[in-house]
Every structure is written in structure tokens, then in C-alpha cells.
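Student: sequence and predicted model, in that order:
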Amino acid sequence: MRIPPDHKVEEETLPDYLPVRYYPVRIGEVFIDRYQVVGKLGFGASSTVWLAHDLRQHRHVALKVFIRSQALGDRVENEIAMFKRMEQRAFSHPGRSAVRTLLDSFRVAGPQGDHLVLAHPPLWQSVEGAICRSSPRRLPGSGLRFVLKDLFLALEYLHDECQIIHTDIKADNIMFGVTDVSVFAELEEEEIQKPCPRKEVEGRTIYTSRAIKSPGQIGPPVLCDFGSAVFGDSDHLECVQPNVYRAPEVTLRASWDYKIDIWNVGCMAWDMYEGNQLFHGIDPEHHAYRRRAHLAEIIALLGPPPKDLLARSHLASKFFSDEGTFTAGIDLPAATSLEEIETQLTSHEKTLFLEFMRKMLQWAPERRSTAGELFQDAWLQEQK
């Protein structure tokens, strides 16, 4: 099926799309005499993702073809550096299998410059995709436990074994594995029998993505995307993390470490379980995310920040008086607590779940539990 040239599809719909940045992948193309592209799996602002047949190993792989290197800066090299660090660390750790594996990396020459390509074992879909397809749009307790157990193992491996801080944990960066690899052969055969819709624009083909069929049994979750990850064995002050998942020390520009991942998981876990964001950070004056609005929401939920956190913050004077009073020129929301937020939980499960959340949602990083400690939590290990 041919799509009209003036109808925008896939990566063309992205706000900052520039066609010259993307490598013009063609289905059937063979990279480095080894990987034959058999179908498109997805797209994003920095890459397109393709299912390919590894002609040497006789298996399927996912190829992440990045936009041209000049447009990416250091992000891609950073991701490779993280994978190299992982390769040097213990493979025996149970969290190693919960972190995406890099099989190969190479560069291809495009019309406007070089493009880096990463080869990974193919995965099914993201947790975000699974939530969007469910009704209501949230994970049940059993689903959240399934995701978080492997996520904490992954973080324990990254933090303790690899000294890596992920900094960008969200439902879109956690994907489910596939136990039945026949679904990849099925996708390849479907593409042959019924080619996906596509369009031709100025000598390049824009393909539509083809979803991998739901496997009979969903594989374990895998933490992906290390483009924003940093090494934990150096000092950090930079601004990282998705806005609404940003840890207080990052927002206040205080030095931060592995514990920002723990805060991040706490916020994300609440959102996935309740189907509502815990924090929004939308400033009523600007109608957009602002630090002061986010801090106000945290204060309303957890009370004022500890003085020692403010003492090591580079932005404390912008939001707080010397006595620790919030002076950012915005009203605090009505004080509430996790216990007061409407929830679907029964009283027993609510008590355990909120105890679990409080191990992550603490102003002071040192008061947050480690990934290894959270894996042992009573709510998480409850058999339900």
C-alpha cells in the first residue's frame, strides 16, 4: 500500500523531524554483509529501529539506526561507553539479564554523514505500550511487582557492579522480553506476504512500523536506553531525568548519586500503579513545567526539605529563605500525604504499598533504600 507523499507518517510526525538526519533504511538492505533488514519496529527523535536477520548467527536482532552522528553529539558514544563498562563487569549477577545487551555496533555511511548502528536482542514492547493498551491504563499489583523485581535487580547490578546511574527511568525505557522467538520469523514472513504501508519522498522510503505479535508468554522486563546514563564514580551536578521524575537534589542543583534512580522509580511506580501522576510541576503562571511548582508539590506531600539538603544546594536561595521557608512566589498546594491520596488498594495492601513507597520518596537521598534493599521489600515479595 502506497501512502500519499503529503501524508506525514512515523518519524515525519515528530516536531523536530529533519529527513537529512535519518539514514534511509530500506527493507531488504544488508548492513556490513551480515544484517538483512526484514521489517520496521519503531522510530524516535534520535533513531529508527528495525528487525533484521543475522545471516552469520542465523538469528534475529534489533538494529537501532541513529540519526547522523553530527546531530547527536556525545549521546551515542556515551551509550557505547556504558555498554563497554557492563561488558567488563560480572555477568553472574542476577541483574545482568535484566539490562539490555549490546551484540554489535558499527557505522554506516549515509548521504549526509555517518550513522551509528547498535545491534541488540529483539524485545517485545515497552511497559508504556502495555499500559496504553490496557483498560484502565494502569498496572495491577501483580504486573507492577513483575516489572519492579527485575528493575531493582537491574539497578543493583548497574549501581553496585558497574557504577552506572541510569538517570532516565520511565515506562518507555523498560521493555518486555520474548520467550518464543518464532514471533520474529512470523513478522518477517508477514512482511514478505503483505508488505507494510510506505511512501516515497525525494528518493527515500518511509515505512510504517509493524508490531511484533503478542508472545504466548511475556518475557521478563529489561531496562533499556543508556544514552543519558552516567558513571557514578565521579561527581555530578548536571540537570538530568524526566521532569516529573526528577529527584529533589537534581531540581535544587545539589550533588547527586545513584539515589536519584531510586526516587525516579518511586514516582514511576506510583504512576504505573495508580494511573495518575504523583507530581506534575505545572506552574499556573507559565502553564509549563517549572522547578518551583515541582518543589511546591513535593513540600505539600513530604513536608519541607531538610536543612542539610538546602545547605548543599546551588539553587536553595532561589526558592527558600535562610530559615528554610519556601519563598518561590507560588502558593503551596494543600498539604496532603500518600495515605490521603485516593487509591484502589485495600487497607492491608495500602499499608504495605505505602511503606514501600516511603523507602523511595524521601527528600534526603541517604534516607532512600538501595535497589538491593527494595528488592527484599515485603510488599514487593508478597505472593499475589
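Tutor: In hand now; what should we look at? Residues are numbered from 1 along each chain as shown.
Student: could you pull out the strands in the stretch 201-350 of the chain for me?
Tutor: Assigned strands in the stretch 201-350 of the chain, in chain order: 204-207, 218-223, 230-231, 282-283, 288-289 (criterion: DSSP state E, counting those that start in this stretch).
Student: in its sheet, what does the first one sit against?
Tutor: Read it as strand 204-207. strand 198-201 (antiparallel) (DSSP bridges).
Student: send me the partner strand as CSV with only the CA atoms.
Tutor: Below are the C-alpha coordinates for strand 198-201, written out as CSV (Å, rounded to 0.1, in the frame of the first residue of the first chain):
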residue,chain,number,x,y,z
ARG,A,198,5.0,3.1,2.9
LYS,A,199,5.6,6.3,1.0
GLU,A,200,8.4,7.6,-1.3
VAL,A,201,9.7,11.1,-0.7
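Student: follow-up on the earlier one: which one, of the strands of the stretch 201-350 of the chain, ends up nearest to Ala316?
Tutor: Ala316 lies closest, by CB to CB, to one member of these: strand 282-283, at 18.8 Å. Yep, even glycine has a C-beta here, placed from its N, CA and C like the rest.
Student: elements contacting that closest one?
Tutor: strand 288-289, helix 291-302 (3 or more CB pairs under 8 Å, 6 or more residues apart in numbering; DSSP states H and E).
Student: can I get the CA coordinates of the longest one in PDB?
Tutor: What that stands for is helix 291-302. Provided in PDB are the C-alpha atoms of helix 291-302 (Å, rounded to 0.1, in the frame of the first residue of the first chain):
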ATOM      1  CA  ARG A 291      11.100  23.800  39.300                       C
ATOM      2  CA  ARG A 292       9.300  25.900  41.800                       C
ATOM      3  CA  ALA A 293       5.900  24.200  41.000                       C
ATOM      4  CA  HIS A 294       7.500  20.800  41.400                       C
ATOM      5  CA  LEU A 295       9.100  21.700  44.700                       C
ATOM      6  CA  ALA A 296       5.800  23.100  46.000                       C
ATOM      7  CA  GLU A 297       4.100  19.700  45.200                       C
ATOM      8  CA  ILE A 298       6.900  17.800  47.000                       C
ATOM      9  CA  ILE A 299       6.600  20.000  50.000                       C
ATOM     10  CA  ALA A 300       2.800  19.500  50.100                       C
ATOM     11  CA  LEU A 301       3.400  15.800  50.100                       C
ATOM     12  CA  LEU A 302       6.500  15.300  52.200                       C
END
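Student: and Phe106, that's in a helix?
Tutor: No - using DSSP: H, G, I helix; E, B strand; the rest coil, the assignment for Phe106 is strand, not a helix.
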